[in-house]
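>>> following is a predicted model, sequence given first.
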Amino acid sequence: MTASVLSAIKFDAEGFMVDPSQWSPESAVEIARLEGIETLTDAHWHIINFCRKAGEQTGKSPTLRQITDGAGVSTKDLFALFPKGPAKKVAKISGLGKPEGCV
Amino acid sequence: MTEEKNRHIAFICSKGNLDMVYPALIMGWAALGNGIDVTIFFTFWGMDMINKDRVDHLEIPPVANSSMKMNMMGIPGYIGIPQWMGMLPGMTPFATALMKSKMKGLGVPTVREYLGMLSDAGAKMYGCKMSVDMFGLTQADFLPCVEKIVTAGDFMDMTEGAQIVFI
């Protein structure tokens, strides 16, 4: 298994993509795998696509609450889809920076 | 594969004033978002947070709070709100409304909603047995997010190895 898609992409020390424009759906699949999510389902993509759009509009990662409100996803589902720390995981997989908000 | 023990933070909420109920909610939510296990133990006045009838009526009184300055009411400088003024009828609801509107402006959920979010995200919440007995409450008085009523000893068992924050 190679993660060749990722080799051309720059990440910061914490593993967040430095330049969101380097993101591609293929890179999301690879990052998700590194984060312990084997397969990205439609439900995952619904959230990732929302985050990509939010990132394009604001230049920032949406917070968890912005995701649940904006993407129409329940907190339970969000935590089930991206277990063990969705805040960072969603941002990483969506190729965005570390979320800055508290809620 | 080595099974590492997950980081675990336990909050003890002992206060019911509006400004003192938020720290555990905000930090607990941040912890869950970062994959950290969260346990919250509600004791004494902290039980107001989980009391169905009280949770929407938490307040912040200006009396004996030296951080409440006149400039929060639009008067320049750093003079504290005089204590006698804080005692006037309506001052506590005024301060409460002010804080609630500020929080709302920042997109911060209400306490009731926050507790629901924390519960959905996997936080474990418990009421304190001694406080419950003292106030004559039962599990039925609490929001559904509260799993059960436990003793101080139970709490110690549940939080072995956890980092504990007392509020």
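Cool, the structure landed.
>>> can I assume A:F50 sits in a strand?
No - under DSSP: H, G, I helix; E, B strand; the rest coil, A:F50 sits outside any strand and is assigned helix.
>>> which pLDDT value belongs to the nearest residue to it once chain neighbours are set aside?
Sequence neighbours aside, A:A71 is the residue nearest to A:F50 in space, at 3.9 Å (criterion: CB to CB, 6 or more residues apart in numbering or on different chains). For every residue, glycine as well, the C-beta is placed using N, CA and C. A:A71 carries a pLDDT value of 91.
>>> nearest residue to the spatially most central residue of chain B other than its sequence neighbours?
In chain B, the centroid-proximal residue (CA atoms, centre = their mean) is B:V21; its distance is 2.3 Å. Leaving out its chain neighbours, the residue that sits closest to B:V21 by CB to CB, 6+ apart is B:M49, at 5.0 Å.
>>> got a list of what that neighbour touches?
Neighbouring residues of B:M49 by CB atoms under 8 Å, 6 or more residues apart in numbering or on different chains: B:13, B:16, B:21, B:42, B:55, B:58, B:111, B:115.
>>> go again using 7 Å as the cut-off
B:13, B:16, B:21, B:42, B:55, B:111 (CB atoms under 7 Å, 6 or more residues apart in numbering or on different chains).
>>> and the third one, what does it touch?
Spelled out, that is B:V21. Here B:V21 is in contact with B:13, B:15, B:49, B:58, B:111 (CB under 7 Å, 6+ apart).
>>> my read: the fourth one touches B:K15, true?
Okay, so that is B:L58. No - with contact defined as CB atoms under 7 Å, B:L58 does not count as touching B:K15 (9.8 Å).
>>> so for the two, which sits in the more crowded spot?
B:L58 (24 against 18; other CB atoms under 10 Å in any protein chain shown).
>>> what distance do you get for the more buried one to B:R112?
According to CB to CB, to the nearest Å, B:L58 and B:R112 sit 10 Å apart.
>>> what sits against the residue of chain B found nearest chain A?
Closest to chain A within chain B is B:G35: 2.7 Å, counting by CB to the nearest CB. Each residue near B:G35 by CB under 7 Å, 6+ apart is listed here: A:84-85.
>>> SS state for it?
Looking at B:G35 with three-state DSSP, the answer is coil.
>>> what pLDDT does it get?
For B:G35, the predicted pLDDT is 93.
>>> ok, now B:N65?
89.
>>> that one - how many residues pack around it?
B:N65: 16 neighbours (other CB under 10 Å).
>>> which phi and psi does it have?
Main-chain torsions, B:N65, degrees, to the nearest 10: phi -120, psi 100.
>>> and for the worst-scoring helix or strand of chain A on mean pLDDT, what's in contact with it?
Here the helix or strand of chain A ranked lowest by mean pLDDT, DSSP states H and E is helix A:4-7, holding a mean of 82. For helix A:4-7, contacts defined as CB under 7 Å, 6+ apart pick out A:24, A:26-27, A:30.
>>> mind running it again at 6 Å?
For helix A:4-7, the surrounding residues in contact (CB atoms under 6 Å, 6 or more residues apart in numbering or on different chains) are A:26-27, A:30.
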